[in-house]
Each structure stands twice: as C-alpha cells, then as structure tokens.
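1. Give the three-dimensional model of this entry:
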Amino acid sequence: MSTATRLGFEPWLILLGALTAIGPLSIDMYLPSFPILEQELGKGAQLSLASFFMGMTLGQVLYGSLSDRFGRKPPLVIGLSIFVVAALAASQAHTMHELIIYRFFQGFGGCSGMVIARAIVRDRCPPSQVAQAFSMLILVMGLAPILAPLLGSYFLHHFDWHSIFYFKAIFAGLCLVAIMSLIPESLKQPSQLQLKQVLVSYWKLLFDRPFIGYTLSSSLAFSGMFAYIAGSPDLLINLYGLSPSQYSLIFGANALGFIIASQINAWLLRRGYSMFKLLHYALYIPAIASSLLCMSIFLHIESLTLLLIGLFSYIASLGFISPNAGAAAMANQGHQAGTASALMGVLQFSLAAVIGAILGVWQANNALPIFSILAFCGVSGFIWHRLVVRS
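-> Next comes the predicted model:
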C-alpha cells in the first residue's frame, strides 16, 4: 500500500469550499424558521425548499456547459449575482408563494458555486489528488450545516426571519468579490461547444457506465440527507418537542460527523487506501441505518436516542461516499469536467426536489414519511452500486 501525495490546504481551496457552502448555507440557515414562516406567510415552507432544489437542478445544466465554453469565472460571477438579488428579494416576501419563487432563483444562482468549484478542482489537480481536494472542500463546506442553523436561531431570537436572507446576500456578495479578485481562470482552453454538442455530451454521459454508476449511487444515498433536511424541523421540533436551539445543536452535531468522516476519508486516501474500496464499504452504512429506523416505526419503538444514532450514522457516512464517488465519476471526464460536474448536480438535486415535494404533501403524525424515504434512498444507492458499478 503506497502513500499518496499530500495535497496542502491551499487558500484557493478554502475559497472554493466557501462557494460550495453557499448552497448548504442557503438551505440550513432558514430551517429553524419554518414554523415562523408558516405562521406569517402561510403553509408550504417545505415547498420553498423543494423549489430551491428545482432551481439548483435547472441551473446546473446551464452553468456546467457555460463554464466549459466561456471559462469558469464568467458564469460563476453571473450565478452569484443572481443569488444575491434573489436573497434580497426573498427577505421582502409577503406570501409563501412569493418566497417559493424567490427561493427558486436563489437555487438557480447559488448552484453555480457548487458546479464550477468541482470543475476548478478538476482543472487544477491531477487525478490522484482530486478525491483529497473534494474532501477538503467538504471540510470547509461542512462548516455551513454546523453554523447555519445556529446562526439562523440567533437571528430569529435577536432579529427576525428577514435578517437570515440579508446575511445570505452579504455572504454571497463577499464570495463574489473574492472570486473576481483572487481566483485566476483555471480553464486554459475553453471548448467550442454548440447546443447540439452539449445535448450529445449529456446523452453520452447518461450511458457512460462508470460515470452514471458512481453518480447515481452517490446521488441516491445523498438524497436521503435532503429528506432529513426537509423533514427534520417537523420531526424534531413538532413531533419530538425540541426547541429551535436544541434542533440547531443536533443538526450541527450531524454535520460535524459528516466533516469528521470526510477528513478520515482524506487521511485514508493519503495512506494509500483505494477510494473504490472506501466507497464500497461506506455504502453499507446508510442502507443499514435507514432500514433500522424504518423498522422502528413498524415495531412501535419511539426512542429519541435511537433516532439520533441512526441519523448521525447516515449523515456521517456521506463524508466517505460523496468525495469518493465524485472523484470516481469525474476520473475520466477531464475534457468535459464542467458538463460532467453539472450533470452530477442535476441528478442529485432533481432527486432532492422530488423528495422535498413528497415530504411537503405526505402528511403523517409520525416519522414514517422521512424514515421511509431515508430507507429508499440508502438501500437504492447500495443496490445501484452493486448492480451497475460492481458488476
């Protein structure tokens, strides 16, 4: 077992991590405000989350191709600008319908950071260091789910829900200034893609067995996290009676598990462990954890401790799954890194949008909706990997 070359903690990686954090920050920071939003604007807070995912899905189709055609920076600047304007508009929403629309455009603009950050990593790092770089992005990005609910609770306590969207606009604006000032263009030879070529590229990627195998196995497992994100406020605050502050601490603890797992993954990769084997074993965890949670409903076991252990195990396992599956899927896509990165995001967030919509309309007085979707996502990701990749 050889020791891989160590990738230093570069300042440009920190900035790219901040870009990828815009999405989680925009999602997680307003979760504690769901009950208040529904009191003031009307029912449908979970649908505002689903519309955000839908915006991210559509936006990534555009930004990936544009970044391959015009370079990484121009579409990134446009996307962040859209996010800032949409965040300011959301802060002034008077109805839930308005908020849902503005959240769509937040997702449409904010996803530029996630797509293009992955493409920049692929531009600047050799294949042997891509998984390490992705783990470092997750370290920075992972601070958002820890800090965002706490910040959201703080702003709710000391100000109001409007201030949450002001903060998002300021954060994205600072990232925009930093990108324009500090990050050089990483794509040295932009492609000459036309619309037909773009569509052909997406079509071919859908039938690229390694790409679609790793992408969907990761996306299915990762979609369970979005079920947790969309359903956890109602589950933990309304069903289990936790306060917004207690909810924020639990949410942050799960995010910390995700970060720690991603850094253990990076350490193992530097020690020479195969990212393919790490992914293989990591996919067992969400499948088992979610199945046990789902079984607890039918066995009438209502234990907060069991719930928290199961959720922590599921979320932490994604710290191994996400960087390894992402690196494996991108390994042979250097010539179309932006397009491949975009399609990865499209598949991931289209599943998330569907899940958010299902949770928004599936009403129950227990944890069955969220546990059922978690089990479907965890088990499906495991099975897909076995059928498509391992075979």
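
2. low pLDDT regions in the stretch 51-200 of the chain?
-> 126-128, 130-132, 135, 142, 186-195 (pLDDT under 70).

3. Please repeat the previous calculation with a cut-off of 90.
-> Within the stretch 51-200 of the chain, the set of residues satisfying pLDDT under 90 comprises 51-76, 110-161, 175-176, 178-200.

4. For it, just list every one of the helices.
-> Along the stretch 51-200 of the chain, counting by DSSP state H, counting those that start in this stretch, helices occupy 73-90, 96-124, 127-141, 143-158, 161-182, 195-206.

5. do the stretch 201-350 of the chain as well
-> Counting by DSSP H, counting those that start in this stretch, the helices of the stretch 201-350 of the chain are 209-232, 244-270, 275-282, 284-298, 304-330, 337-361.

6. In TSV, list those along with mean neighbour count.
-> C-beta: built from backbone N, CA, C; applies to glycine. Shown next, in TSV, are these (neighbours: other C-beta atoms under 10 Å):
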stretch	mean neighbour count
helix 209-232	24
helix 244-270	20
helix 275-282	18
helix 284-298	19
helix 304-330	23
helix 337-361	24
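
7. And these: which comes nearest Ser380?
-> Closest approach to Ser380 among these (C-beta to C-beta): helix 209-232, 4.6 Å.

8. any idea how far Leu174 is from Gly241?
-> 37 Å (C-beta to C-beta, to the nearest Å).

9. swap in Cys125?
-> In this view, Cys125 and Leu174 are 25 Å apart by C-beta to C-beta.

10. Could you do Met330 as well?
-> Met330 is 28 Å from Leu174, by C-beta to C-beta.

11. Reformat the helices of the stretch 201-350 of the chain as JSON lines; add distance to Met141.
-> Compiled in JSON lines, these are given as follows (distance: least, C-beta to C-beta, whole Å):
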{"stretch": "helix 209-232", "distance to Met141": "13"}
{"stretch": "helix 244-270", "distance to Met141": "9"}
{"stretch": "helix 275-282", "distance to Met141": "18"}
{"stretch": "helix 284-298", "distance to Met141": "19"}
{"stretch": "helix 304-330", "distance to Met141": "10"}
{"stretch": "helix 337-361", "distance to Met141": "14"}
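
12. Can you say which of those is nearest to Ile116?
-> Between Ile116 and the helices of the stretch 201-350 of the chain, the shortest gap by C-beta to C-beta is with helix 337-361, which sits at 7.1 Å.

13. Neighbour count: Cys125 and Leu174, which is higher?
-> Using other C-beta atoms under 10 Å as the criterion, Cys125 and Leu174 rank with Cys125 on top: 18 against 12.

14. If we ignore the residues flanking it in sequence, what's nearest the more buried one?
-> Spatial nearest neighbour of Cys125, excluding adjacent residues (C-beta to C-beta, 6 or more residues apart in numbering): Ala133 at 5.0 Å.
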